[in-house]
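Visitor: Here is my input, please return the structure:
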Amino acid sequence: MKPVGYWHTLDNGRIQCDLCPRHCQMKDGQRGLCFVRAREGDTLVLTTYGRSSGFCVDPIEKKPLNHFLPGTPIFSFGTAGCNLVCKFCQNWHISKSRQMDSMADQASPEMIAQACEQLKCRSVAYTYNDPVIFMEYAVDVAQACREKGVMSVAVTAGYIDPKPRENFFRHMDAANVDLKAFSERFYKKLTGSRLQPILETLEYIKHETNVWLELTTLLIPGENDSDAELDAMTRWVVDRLGPDVPLHFTAFTPTWKLTDRPRTPPATLNRARNIAKANGVRHAYTGNVHDSDGGSTYCHGCGNIVIGRASWTLSQWNLTPEGRCLHCGEACPGVFEAKPGTWGARRAPVRFQQK
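Guide: Purely as a prediction, here's the structure:
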């Protein structure tokens, strides 16, 4: 356990956590809704510091990030718990876990940084569950990795208060934020949270930081996939974040507590992509389906493919070392290296030897 910040004591003696908009109020021995932040005596602690539900090397496209170090391997890990209660959680066995035996793997920030260097991972991802709730562990890992030239990626729902948000994203190089829907009804009914704080996080990342930003929306039939909602969401993105922020529309699979909805048809993903493009989004993608057209990156200037993809494997690379289209010279927004990575679709679990 590690003492953490972002809390204060109330007049009634409870401690209020000020990390996210939930503001859980705890008596001694109680945990917040996220499960991993708990009151111990007169302080708040992170119960999962240095402990993980698993370590793995993934393709960076799986996060998903299509404009950040394409083709490279990314060292990935998460903990347990979450500060949202999404009924459709795809990683519910991790994010909804209340069993500490799911936290069998342990590694210090220095061990993770060294592993990234040895495995030739250009970046590390805080993922599988939301890194906001294990912020102190993630920040310490990011600092250790930065000393070795390894960049940090947050895969998050963005449900965080302004003060910790500033500290957290100061240490990130890229983020994929789940914009789960564009209605307060959806957020309240299916995630137990609110939309407005997420929108504020998105604007903060885009306009107040140098963090590379991409968005993901899991489209659930009958819940967040109407033309009207997709039109409003994508118009907001272009107006408030700009046309160069990539959007990923991904397919829902019935799971956890939402099994009465069918899997998202590919036609729905393509419809969402077309609405986004019509509203000015320059880079809209489909995910969780086999769709090379919807997974590839096209030049905004001439329309030619600049990065071809088959699932999580690169099939074409038509960018100059400076990140410009080989056909017309238009700059492609993103963070690119002179040559693409060659990691492909492999997934390689990592285990640390415990002393």
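
Visitor: Spatially central residue in the chain, please.
Guide: The chain has Val155 as the residue nearest its centroid, 1.7 Å off, counting by Cα atoms, centre = their mean.

Visitor: Okay, helices next: where are they in the stretch 1-150 of the chain?
Guide: Remark: helices assigned in the stretch 1-150 of the chain by DSSP state H, counting those that start in this stretch are 92-95, 109-118, 135-146.

Visitor: any idea which helix or strand comes after the longest one?
Guide: Next in sequence after helix 135-146, counting helices and strands by DSSP states H and E, comes strand 151-156.

Visitor: Run through who's touching that next one.
Guide: Strand 151-156 is contacted from outside by 60, 63, 65, 68-69, 74, 122-128, 130-132, 138, 141-142, 145-146, 168-169, 171-178, 211, using Cβ atoms under 8 Å, 6 or more residues apart in numbering. Yep, even glycine has a C-beta here, placed from its N, CA and C like the rest.

Visitor: Kindly point out the strands partnered with it and how each is oriented relative to it.
Guide: With DSSP bridges as the test, strand 151-156 is paired with strand 123-126 (parallel), strand 174-178 (parallel).

Visitor: Out of the ones you listed, which is the most enclosed?
Guide: strand 123-126 (a mean of 26; mean count of other Cβ atoms under 10 Å).

Visitor: Please state the offset of it from the chain centre?
Guide: Computed by Cα atoms, centre = their mean, to the nearest Å, the chain-centroid distance of strand 123-126 equals 10 Å.

Visitor: Any stretches of the stretch 101-250 of the chain with poor pLDDT?
Guide: 101-104 (pLDDT under 70).

Visitor: that older thread, need the strands paired with strand 151-156 in a markdown table (columns: distance to Leu202).
Guide: Compiled in a markdown table, the strands paired with strand 151-156 are given as follows (distance: least, Cβ to Cβ, whole Å):
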| stretch | distance to Leu202 |
| --- | --- |
| strand 123-126 | 18 |
| strand 174-178 | 6 |
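
Visitor: wait, which of these is closest to Pro246?
Guide: Proximity to Pro246 (Cβ to Cβ) singles out strand 174-178 among those, at 9.1 Å.

Visitor: related to what we said a few turns ago, next, format the helices of the stretch 1-150 of the chain as a markdown table and append mean neighbour count and distance to Ile220.
Guide: Shown next, in a markdown table, are the helices of the stretch 1-150 of the chain (neighbours: other Cβ atoms under 10 Å; distance: least, Cβ to Cβ, whole Å):
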| stretch | mean neighbour count | distance to Ile220 |
| --- | --- | --- |
| helix 92-95 | 19 | 15 |
| helix 109-118 | 18 | 34 |
| helix 135-146 | 22 | 28 |
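
Visitor: Would you mind splitting the chain into its domains for me?
Guide: Domain segmentation of the chain under automatic domain parsing yields 2-46, 51-295, 296-335.

Visitor: buried ones in the last one?
Guide: If I follow you right, that is domain 296-335. Buried residues in domain 296-335, counted by 16 or more other Cβ atoms under 10 Å: 296-301, 305-309, 311-314, 316, 318-319, 323-325, 332-335.

Visitor: Report the distance from that domain to the chain centre.
Guide: On the basis of Cα atoms, centre = their mean, domain 296-335 sits 23 Å off its chain's mean C-alpha point.

Visitor: For it, what does the pLDDT average out to?
Guide: Mean per-residue pLDDT for domain 296-335: 97.

Visitor: what distance separates the start and the end of it?
Guide: 16 Å (Cα to Cα, to the nearest Å).

Visitor: And for the longest one?
Guide: For domain 51-295, the first and last residues are 34 Å from each other (Cα to Cα).

Visitor: So what touches the host helix or strand of His207?
Guide: Using DSSP H and E, His207 sits in helix 195-208. Taking contacts as Cβ under 8 Å, 6+ apart, the residues outside helix 195-208 that touch it are 20-21, 157-162, 165-166, 169, 175, 177, 179-184, 186-187, 211, 213, 215, 236, 240-242, 245.
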